[in-house]
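*Asks:* Mind folding the following:
(one chain, ligands or ions: 1)
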Amino acid sequence: MKKYNFSAGPACLPDQVLEAASLSSKQFSKTGISILEVSHRSKDVVDLFNEASDRFRGLLDVPGNYHILWLQGGASTQFSMVPLNILPDNGIADFIETGSWSTKAINECNKLGCAKIIGSSKEKGFTFIPKTVTQNADSEYLHITSNNTIYGTQYKRFPEVKNKNNIIVADMSSDILSKPLEVRKFGIIYAGAQKNIGPAGVTVVLIKDDLLNLNLRDLPTMMNYQVHVEKGSMFNTPPVFNVFVVNETLKWLEKIGGLDMMHKINKSKAEKLYDEIEANPLFISPVKSEDRSLMNVPFVFSDEYKIKDSEFLEFCAKRGLMTLKGHRSVGGFRASIYNAMPESGVDMLISAMRDFRRNI
Ligand SMILES: *Cc1c(COP(=O)(O)O)cnc(C)c1O
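*Replies:* Numbering: from 1, shown residues only. As a prediction, the model looks like this:
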């Protein structure tokens with residue numbers, strides 16, 4: 001039976017990507033050795049990194065004055081690396097708090113400067129995106145989380161930035177490459193790969209030229225964006241296999257028809273799932289409708305039904321629909337329907353929701 005993995009991350013990858021990953025572990029390119037043992041100083045690997053960056057630049061239409069970095073430490077390291085590089089001592093940065101990931105970014109920023117929370121949906125369980133926010137004129141940058149993986153909210157329009165240098169920084173871990181994006185509106189974009197573009201262990205960072213070399217403090221070498229730019233993301237041994245898998249995912253995205261087409265497919269998948277949640281009296285979505293994510297769809301049993309979550313989860317698992325348990329802080333269910341989740345998986349889930357309702 002085909003299994004569909006609705007996990008929020010590490011998440012599903014396209015079959016052809018897993019196939020290529022598997023082959024590469026035996027033999028990478030024409031090297032005759034496994035990707036797991038090949039030197040990052042070899043031409044094949046340098047070419048691989050350039051190819052991945054070029055594809056990424058092409059798909060997302062990244063302007064020439066932005067660098068693309070392949071780093072380690074996950075998006076969580078970026079919570080510190082961003083302020084280390086662009087927030088002066090005693091400087092302030094604006095944050096919109098839309099979930100636990102933004103809270104973590106706020107906490108790390110506060111160790112170096114002052115994170116001002118200019119908008120938060122915490123009181124309402126992070127079920128919406130705050131839109132009327134007043135930015136501080138003396139703030140160095142505004143930080144947002146474009147898609148809130150746990151709570152299932154997503155920016156449909158990004159805020160106009162109004163701070164000292166008009167810089168917006170975005171954690172796009174869970175929706176990068178799910179739709180076209182105006183990169184030029186951002187100073188830094190970062191994303192851990194394991195939600196939408198590859199395996200855990202590599203983080204893509206886009207950084208605008210003029211944010212490099214600010215020399216605000218004596219940085220640990222590994223924390224310095226400039227070093228990684230100069231070394232082509234190979235200051236130390238990079239995660240070669242992970243970048244290989246990302247590159248295969250990028251090939252797959254190109255074959256699908258790029259981000260316009262991917263967005264169309266993602267919208268179609270999400271719409272039908274939200275439609276079912278609305279139509280099925282058993283389920284409700286806790287999220288404000290205008291802010292609902294195309295990537296992570298949390299839903300819960302409506303209060304009138306006294307059914308244990310585990311019953312529906314087991315019902316789904318018998319049909320090969322896996323990892324639908326909601327985040328421990330939200331409960332209920334969460335279907336993560338990233339790029340690689342085929343429409344057939346969403347259709348199967350909708351059938352399961354209907355059949356389960358029929359059977360009670
Ligand atoms: C998963 C996730 C993170 C954390 O990523 P790591 O790579 O595990 O550090 C940060 N932000 C968002 C939005 C996420 O979804």
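
*Asks:* where does the residue in the stretch 101-250 of the chain positioned nearest to the ligand fall, phi/psi-wise?
*Replies:* Closest residue of the stretch 101-250 of the chain to the ligand, Cβ to the nearest ligand atom: residue 192 (2.8 Å). C-beta coordinates here come from the backbone N, C-alpha and C atoms, glycine included. Note on residue 192: backbone dihedrals following degrees, to the nearest 10 are phi -70, psi 140.

*Asks:* quick one: average confidence on stretch 268-278?
*Replies:* The average pLDDT within stretch 268-278 is 98.

*Asks:* which of the residues in it are buried?
*Replies:* Residues of stretch 268-278 classed as buried by neighbour count (16 or more other Cβ atoms under 10 Å): 269-270, 273-274, 276-277.

*Asks:* Which of those sits closest to the ligand?
*Replies:* Nearest to the ligand among the buried residues of stretch 268-278, counting by Cβ to the nearest ligand atom, is residue 270 at 16.8 Å.

*Asks:* Pretty sure that closest one sits against residue 339.
*Replies:* No - applying Cβ atoms under 8 Å as the test, residue 270 and residue 339 come out as separate, 11.9 Å apart.

*Asks:* contacting residues for residue 72?
*Replies:* 201-203, 238-239 (Cβ atoms under 8 Å, 6 or more residues apart in numbering).

*Asks:* Out of those, which sit inside strands?
*Replies:* Under the assignment DSSP state E, the contacts of residue 72 contribute residue 203 to strands.

*Asks:* what's the burial count for whichever residue of the stretch 1-150 of the chain sits closest to the ligand?
*Replies:* Proximity of the stretch 1-150 of the chain to the ligand (Cβ to the nearest ligand atom) peaks at residue 74, 2.6 Å away. When neighbours are counted by other Cβ atoms under 10 Å, residue 74 registers 18.

*Asks:* Let me see the residues that make contact with stretch 86-97.
*Replies:* Around stretch 86-97, the neighbours that count as contacts under Cβ under 8 Å, 6+ apart are 83, 102-103, 105-106, 109, 112-122, 129-130, 133, 135-136, 138-145, 159, 163, 167, 169, 187-188, 211, 214, 216-217.

*Asks:* restrict the residues you listed to those near the ligand?
*Replies:* Applying Cβ under 6 Å from any ligand atom, the subset of the contacts of stretch 86-97 adjacent to the ligand comprises residue 145.

*Asks:* Mind checking which of the contacts of stretch 86-97 are in strands?
*Replies:* Assigned to strands by DSSP E, the following of the contacts of stretch 86-97 qualify: 114-120, 142-145, 169, 188.

*Asks:* Can you say which of those residues are buried?
*Replies:* When the ones in strands among the contacts of stretch 86-97 are checked for burial by 16+ other Cβ under 10 Å, the buried set is 115-116, 118-120, 142-145, 169, 188.

*Asks:* where exactly do the helices run in the protein?
*Replies:* Ranges of helices within the chain are 15-24, 43-60, 74-86, 100-109, 225-230, 240-256, 258-279, 309-318, 343-359, based on DSSP state H.

*Asks:* what helices or strands is the shortest one leaning on?
*Replies:* Right, helix 225-230. strand 66-71, strand 203-208 (3 or more Cβ pairs under 8 Å, 6 or more residues apart in numbering; DSSP states H and E).

*Asks:* Now render the ones you listed as a markdown table, adding mean neighbour count, distance to residue 221 and mean pLDDT.
*Replies:* Converted to a markdown table, these look like this (neighbours: other Cβ atoms under 10 Å; distance: least, Cβ to Cβ, whole Å; pLDDT from 0 to 100):
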| stretch | mean neighbour count | distance to residue 221 | mean pLDDT |
| --- | --- | --- | --- |
| strand 66-71 | 21 | 13 | 98 |
| strand 203-208 | 23 | 16 | 98 |
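
*Asks:* a markdown table please, covering those and showing distance to residue 53.
*Replies:* Listed next are the helices and strands packed on helix 225-230 as a markdown table, based on distance: least, Cβ to Cβ, whole Å:
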| stretch | distance to residue 53 |
| --- | --- |
| strand 66-71 | 5 |
| strand 203-208 | 9 |
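
*Asks:* Noted, bye for now.
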